[in-house]
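Asks: Turn this into a model:
(10 chains)
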Number of protein chains: 10
Amino acid sequence: MTRAELTEKIVAHKMLKGFKWSDVAENVGQSKEWTTAAMMGQMSMSKEQAIAAGNAMGMNFGDEEIGLLMSVPYRGSLDQQVPTDALVYRFYELIQVYGTTIKALIEEEFGDGIMSAIDFSMDIDRKEDPNGDRVVITLNGKFLPYKMY
Amino acid sequence: MTRAELTEKIVAHKMLKGFKWSDVAENVGQSKEWTTAAMMGQMSMSKEQAIAAGNAMGMNFGDEEIGLLMSVPYRGSLDQQVPTDALVYRFYELIQVYGTTIKALIEEEFGDGIMSAIDFSMDIDRKEDPNGDRVVITLNGKFLPYKMY
Amino acid sequence: MTRAELTEKIVAHKMLKGFKWSDVAENVGQSKEWTTAAMMGQMSMSKEQAIAAGNAMGMNFGDEEIGLLMSVPYRGSLDQQVPTDALVYRFYELIQVYGTTIKALIEEEFGDGIMSAIDFSMDIDRKEDPNGDRVVITLNGKFLPYKMY
Amino acid sequence: MTRAELTEKIVAHKMLKGFKWSDVAENVGQSKEWTTAAMMGQMSMSKEQAIAAGNAMGMNFGDEEIGLLMSVPYRGSLDQQVPTDALVYRFYELIQVYGTTIKALIEEEFGDGIMSAIDFSMDIDRKEDPNGDRVVITLNGKFLPYKMY
Amino acid sequence: MTRAELTEKIVAHKMLKGFKWSDVAENVGQSKEWTTAAMMGQMSMSKEQAIAAGNAMGMNFGDEEIGLLMSVPYRGSLDQQVPTDALVYRFYELIQVYGTTIKALIEEEFGDGIMSAIDFSMDIDRKEDPNGDRVVITLNGKFLPYKMY
Amino acid sequence: MTRAELTEKIVAHKMLKGFKWSDVAENVGQSKEWTTAAMMGQMSMSKEQAIAAGNAMGMNFGDEEIGLLMSVPYRGSLDQQVPTDALVYRFYELIQVYGTTIKALIEEEFGDGIMSAIDFSMDIDRKEDPNGDRVVITLNGKFLPYKMY
Amino acid sequence: MTRAELTEKIVAHKMLKGFKWSDVAENVGQSKEWTTAAMMGQMSMSKEQAIAAGNAMGMNFGDEEIGLLMSVPYRGSLDQQVPTDALVYRFYELIQVYGTTIKALIEEEFGDGIMSAIDFSMDIDRKEDPNGDRVVITLNGKFLPYKMY
Amino acid sequence: MTRAELTEKIVAHKMLKGFKWSDVAENVGQSKEWTTAAMMGQMSMSKEQAIAAGNAMGMNFGDEEIGLLMSVPYRGSLDQQVPTDALVYRFYELIQVYGTTIKALIEEEFGDGIMSAIDFSMDIDRKEDPNGDRVVITLNGKFLPYKMY
Amino acid sequence: MTRAELTEKIVAHKMLKGFKWSDVAENVGQSKEWTTAAMMGQMSMSKEQAIAAGNAMGMNFGDEEIGLLMSVPYRGSLDQQVPTDALVYRFYELIQVYGTTIKALIEEEFGDGIMSAIDFSMDIDRKEDPNGDRVVITLNGKFLPYKMY
Amino acid sequence: MTRAELTEKIVAHKMLKGFKWSDVAENVGQSKEWTTAAMMGQMSMSKEQAIAAGNAMGMNFGDEEIGLLMSVPYRGSLDQQVPTDALVYRFYELIQVYGTTIKALIEEEFGDGIMSAIDFSMDIDRKEDPNGDRVVITLNGKFLPYKMY
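Replies: Got it, this is the predicted structure:
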């Protein structure tokens, strides 16, 4: 069994049983965003978290599966440089359109450096709106300045 | 003069004069994110906005330049499918790592559809933190459901 | 079983049995265009629609198959950036030839924005013509204006 | 002067003068879609059409420019395999999502063959709608059957 | 069984049995070029043609195989944008070297348009020559003029 | 002046003066196919041929231009791996569709080897047809067998 | 069994048994370079050669395997446009560095044309050297001049 | 002036004056292969070599040009991953066809390691042959073994 | 069993058993860097090393597995030109940012040449730091000068 | 003047004047590695550093040039995904060969996370060796652990 096969197994299981990622997350004791990423094979869990996730989903993970959930994945959840899925592509489009803007504004405010994608958290929320509810995604990463040396 | 040349001219001017994008934005009457994107050649301005931006930057735009700022750009601020700049790349990496997670959570919450990148706004903020200040970027887009027909 | 395998199974079944997509669509209660896209793994169905489709095709879907038909697909029905199939390529060619024309005319008529590919419907029809019948495809998408903010 | 430079000159002229493509088309005596494509360097005009277009735009074309408008272009209006512009990309997305659907439905209706992109016309229209006006694009191409030989 | 697997089966069968494509073609009642392309999964056959081909090759096709031979393939017999096989590459090289020449001469003779790759036939012949026999390939396609509209 | 600039100059001159490639070829004393390829920067001419071509086109070539026409070009007349021009693409499509067929038939007839693209000639002709005239292209290349050693 | 699987089987067999390619070649009666290429699936053998190779390797080839060794392969032994293996890459690097030099020197000496990769042989030898032995590879291909026609 | 512009200037000069690379090499005191590579911008010369080359070509290099000839180039003489020029492509094809063969034979003879492309020399010669003269290219590189550590 | 499958088997085994690469290395008698690379399928071992590695990991390798560990791999541990994994990507980014700097400084110090990636060793160490421990990677390769010839 | 043009100007100036990067660095008060990267357009300087660099190189920078040296660059010093220069490529090869090894060893030692390419320094040194001097490059980056949240 590879990590990709475990991801497929989890996704198929969810599809049939219909639990929510936020319920899994609550059992794991982390946010729904991080927990979903771990289920998708992009984050590594502790043994306790892996077992807790399995319990929440009604999946009784064996040793090999727990090992896979604990191991550090080779990250990259897409097999494409430019994503074809419409939902995922919109975020790629935002980088194409706003990439230089984001760079300009972060550097103006913080100086030369980057927003960390490692010391990082993300929230995905629904904001009700009479003209149609909105998706609100908050990216929160530590600013890391380039060092002179 | 092409739109790209005007962008270079504006950026060079900013570099030498040192004004802030937020001051330009205030004069234009829009957010600093939208205004910077417009200066970077990714949004189209009204005539009044173009003139106001020029005044705020101390640039006296001619007719051709105003025309360029008013015209709808061919969007795409990068010349690369995968960006090489470290700051911009981190956002590409977030899509590679979190792409399937974002898809899973939006679809669980809203059903099948996308977050619009058109009916969309963005805020870039600094959040002070004793362990190092953080960049907080809020993406706010209307949910658009796939329609059956 | 993956979604791709289910698509292959459905297509092979159609090939052997010879029913028409429009008959499936009628049973499902949606257009032939949307229904075919759903069969091809690009749209997600309700449980009732999945069962109705199965009945129309003489396929008795099991739980897993119904689950797959109900789940939101990772969209992208081709594995190629530039399609090699002659029929599909012609549409890619139209974008290469008419892309800037479509952009110019939509923006002249509606202002800066896009035609939605989500709030969207499509009709494919035959138009008889003594010089050879014609394919008439109507794309109908909501105009979404870029918002200033 | 290259054909691309002439396109830029025409587009810049339109931006400053503000005439409409449909007015140019009326003077030329063809549809606004074909005429815009010709202006964009994707179709070749007769001498009379080139002169008529120049008159409608208030541009007094010289011999070289008329020659360029009459010559057959190397087609392809984008410099990218996957377009980055949001409006143009939506049509690429439609091919990714609906490519196999369009193929299935045309072949079911007409048999093995293609919709011609040469013996072809296109209409771009606005359809008023209380929920937001819609872009309606009609693609009309002769069906060409594969020949056995 | 997929179409690609059937192609492999046919090719392996030919390799072991040693019949000639022209004999298959004669039984099918079409040219050796079209028949070989159909065997290679690039053309669709009638039921009678599929059975006749099987008989000529000494293969007793089952229902599923006949169905596959009758269905319209997703065309594209290579998995590469630039072919690595030496024989196939030479034709790609001819396009790279003579592409603009072919375009110039067809357009000079016929006006703006294309040579159809659908209403098309091909002959592959040997021409004896004391300096080494020659391959003579004749491409014969209907000229399709671009239409004004 | 580069070879590409000379090609552009020749093409622009032809566009304005309207001579035919076959007339140039007659003066040069070679076929219209080879001569056009040489004009397009894909073949190298002798000094006499270069001067003869210039005379036929009414261009009085200088020493540098003659030198360029005599030098061996870096071949490749397109800047794209997959051509976007509709006319040129059809030939790429023929390789995608018929590549394995051509390979199978040449190897069945001649054994393992290739059709030379160097010891090669090409004819482009019009064949009248009541259903629409046809383009007939004859490719004629020496068969080169792979050698054992 | 595919040709690629047979190659893997031969390579694994060699790894375990430890015979030398030159011994296989001697039994086959061809050079070690050609014989190894044939074993690697890049050249086609006669029936006698295939059987002789099997004997030399202690592999008793069945009919299907002999058929595969006799059939003409789809050439291209790498799955990459730019090879990642260090040994193979060095040859790619030589083309990048010396490509224009090789072109200049061959054309100066022979005129316009190419070195054949079909009427071609190669020798790979060791040359002893007190500073470290050297690999000496000799490429020997017939010069093929471009023909005027 | 960039290094690429100097290369173009040298090549144009050679084209007009007609000297031979081997004469330049003799004056420089190195092989014709190394000297041509240096002229093509792929090797760096000493001051004396640069001046000697200039004298041999009848070019009186200025200080900037000599500086360019002395500086270490960013190597890579092609702008393409897969070369389109027919002569250069044949060498790319040899890597595709013989890459795994070369790897197998060098490793069998020398053990795990590579042929150096740095401690390397190349000879390009003509070998007369009644069936057509042959190009003989000898690649000579030090074997470098992988080190355990 | 392929080499890639053996790598997966070793990695899965490590994940479940939890031994350390440095312990394997000690048993093998080489550095942890070289030994890990060998386990990952990028270096070839002697028979004794392969057996020692198996013992250290508690894996009793069979003949085929030992043969695979002894054979020279086709190098390249990633399937991507640009790596998507965050840890691996940072090293690609260093090449993008510092590539020209490394080139300039090595050439200034050593003259024209390269740092060998074959006569090469690497150390990966932890350096404690109150502001967060640091990864220290030392690359040590023989300088190889370009030779004139 | 663009940043790329300034880089070219600095490099050309160095080539003619022959100062050393380490002397520039000493004047700037930073390491030779960081200073060279800044000169190459990959790091941003303070005003004092830019002036000090100019003095050390004997270049009297104007306001615009100082502005360019102070501005944050769009990073990426190569125009290629895979570098063609032999020296730079060796580092790309190290990632291909050792990428998974580096990942395995850092994660074993530090847990899940990355080595920062921002809080990072590099030393390039010569180590004398009787078998040929060696290039020693030390990469020193803060370990950044993935955070659960």
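Asks: I'd like to know which elements the strand ranked longest in chain A is packed against.
Replies: The single longest strand within chain A, with elements called by DSSP state E, is strand A:113-127. Applying 3 or more CB pairs under 8 Å, 6 or more residues apart in numbering or on different chains; DSSP states H and E, one finds that strand A:113-127 contacts helix A:32-39, helix A:86-110, strand A:134-145, helix B:86-110, strand B:134-145, strand J:113-127, strand J:134-145. The C-beta positions use only the backbone N, C-alpha and C, and glycine is treated the same way.
Asks: angle of the last one against helix J:86-110?
Replies: Spelled out, that is strand J:134-145. If you take axes from the mean of the first three to the mean of the last three CA atoms, to 10 degrees, strand J:134-145 sits at 40 degrees to helix J:86-110.
Asks: Next: the fifth one.
Replies: Taking the same axes, to 10 degrees, one finds that strand B:134-145 is oriented at 90 degrees with respect to helix J:86-110.
Asks: Which neighbours in the sheet does strand B:134-145 have, and how are they oriented?
Replies: Sheet pairing for strand B:134-145, assigned by DSSP bridges, gives strand A:134-145 (antiparallel), strand B:113-127 (antiparallel).
Asks: Run the angle between the longest strand of chain A and helix A:32-39 for me.
Replies: Angle, strand A:113-127 to helix A:32-39, by the same axes, to 10 degrees: 110 degrees.
Asks: gap between strand A:113-127 and the chain center?
Replies: Here strand A:113-127 is found 10 Å from its chain centre; the criterion is CA atoms, centre = their mean, to the nearest Å.
Asks: Also stretch A:33-50?
Replies: Offset of stretch A:33-50 from its chain centre (CA atoms, centre = their mean): 9 Å.
Asks: ditto for stretch A:57-68
Replies: The answer for stretch A:57-68 is 20 Å, by CA atoms, centre = their mean.
Asks: just stretch A:32-39 next, same as before
Replies: 6 Å.
Asks: Can that stretch be said to contact chain J?
Replies: Yes - counting by CB under 8 Å from any CB of the partner chain, chain J has neighbours in stretch A:32-39: A:33, A:34.
Asks: May I have the residues that are in contact with the residue of chain A found nearest chain G?
Replies: Distances between chain A and chain G by CB to the nearest CB are smallest at residue A:81, namely 14.7 Å. Residue A:81 makes contact with B:81, B:82, I:82 under the criterion CB atoms under 8 Å, 6 or more residues apart in numbering or on different chains.
Asks: Switch the helices and strands packed on strand A:113-127 over to CSV; also include mean neighbour count.
Replies: Below are the helices and strands packed on strand A:113-127 laid out as CSV (neighbours: other CB atoms under 10 Å in any protein chain shown):
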stretch, mean neighbour count
helix A:32-39, 25
helix A:86-110, 23
strand A:134-145, 21
helix B:86-110, 23
strand B:134-145, 20
strand J:113-127, 20
strand J:134-145, 20
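Asks: Quick one: name the residues of chain A near chain D.
Replies: A:82, A:84, A:86, A:89, A:93, A:96, A:97.
Asks: how about those residues, which pair is most distant?
Replies: Farthest-apart pair in these is A:84 and A:97; separation 18.2 Å (CB to CB).
Asks: and for stretch A:108-116, what are the contacting residues?
Replies: A:106-107, A:139, A:141-146, B:20-21, B:86-87, B:90, B:124, B:126, B:133, B:135, B:137, J:43-44, J:72, J:118, J:144.
Asks: quick one on the thing from earlier: could you export the longest strand of chain A as PDB, CA atoms only?
Replies: What follows is strand A:113-127, C-alpha atoms only, in PDB (Å, rounded to 0.1, in the frame of the first residue of the first chain):
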ATOM      1  CA  GLY A 113      11.600  38.600   2.600                       C
ATOM      2  CA  ILE A 114       8.800  36.100   2.300                       C
ATOM      3  CA  MET A 115       5.600  34.800   4.000                       C
ATOM      4  CA  SER A 116       6.500  31.400   5.300                       C
ATOM      5  CA  ALA A 117       4.500  28.500   3.900                       C
ATOM      6  CA  ILE A 118       5.900  26.300   6.800                       C
ATOM      7  CA  ASP A 119       5.200  28.400   9.900                       C
ATOM      8  CA  PHE A 120       1.800  28.800   8.500                       C
ATOM      9  CA  SER A 121      -1.900  28.300   9.200                       C
ATOM     10  CA  MET A 122      -5.000  28.600   7.100                       C
ATOM     11  CA  ASP A 123      -8.700  29.100   7.900                       C
ATOM     12  CA  ILE A 124     -11.500  28.500   5.500                       C
ATOM     13  CA  ASP A 125     -14.900  30.000   6.400                       C
ATOM     14  CA  ARG A 126     -18.300  30.800   5.100                       C
ATOM     15  CA  LYS A 127     -19.500  34.400   5.300                       C
END
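Asks: quick check: mean pLDDT across it?
Replies: Mean pLDDT, strand A:113-127: 97.
Asks: rewinding a little: identify whichever of the strands paired with strand B:134-145 lies nearest to residue J:30.
Replies: strand A:134-145 (14.8 Å).
Asks: so what's the closest residue in space to residue A:137 that isn't next to it in sequence up against?
Replies: Once flanking residues are discounted, residue A:137 sits nearest to residue B:139: 4.4 Å by CB to CB, 6 or more residues apart in numbering or on different chains. Residues near residue B:139 by CB under 8 Å, 6+ apart: A:94, A:135, A:136, A:137, A:138, A:139, B:115, B:120, B:122.
Asks: And residue B:139, what's its pLDDT?
Replies: pLDDT at residue B:139 comes out at 98.
Asks: Check the separation of the first and last residues in stretch A:50-67.
Replies: Chord length of stretch A:50-67, first to last residue, is 9 Å (CA to CA, to the nearest Å).
Asks: middle-most residue in chain A, spatially?
Replies: residue A:37 (3.7 Å; CA atoms, centre = their mean).
Asks: contacting residues around that one?
Replies: A:43, B:97, B:98, B:101.
Asks: Out of these, flag the one nearest to residue D:15.
Replies: The closest of the contacts of residue A:37, once distances to residue D:15 are taken by CB to CB, is residue B:98, at 39.6 Å.
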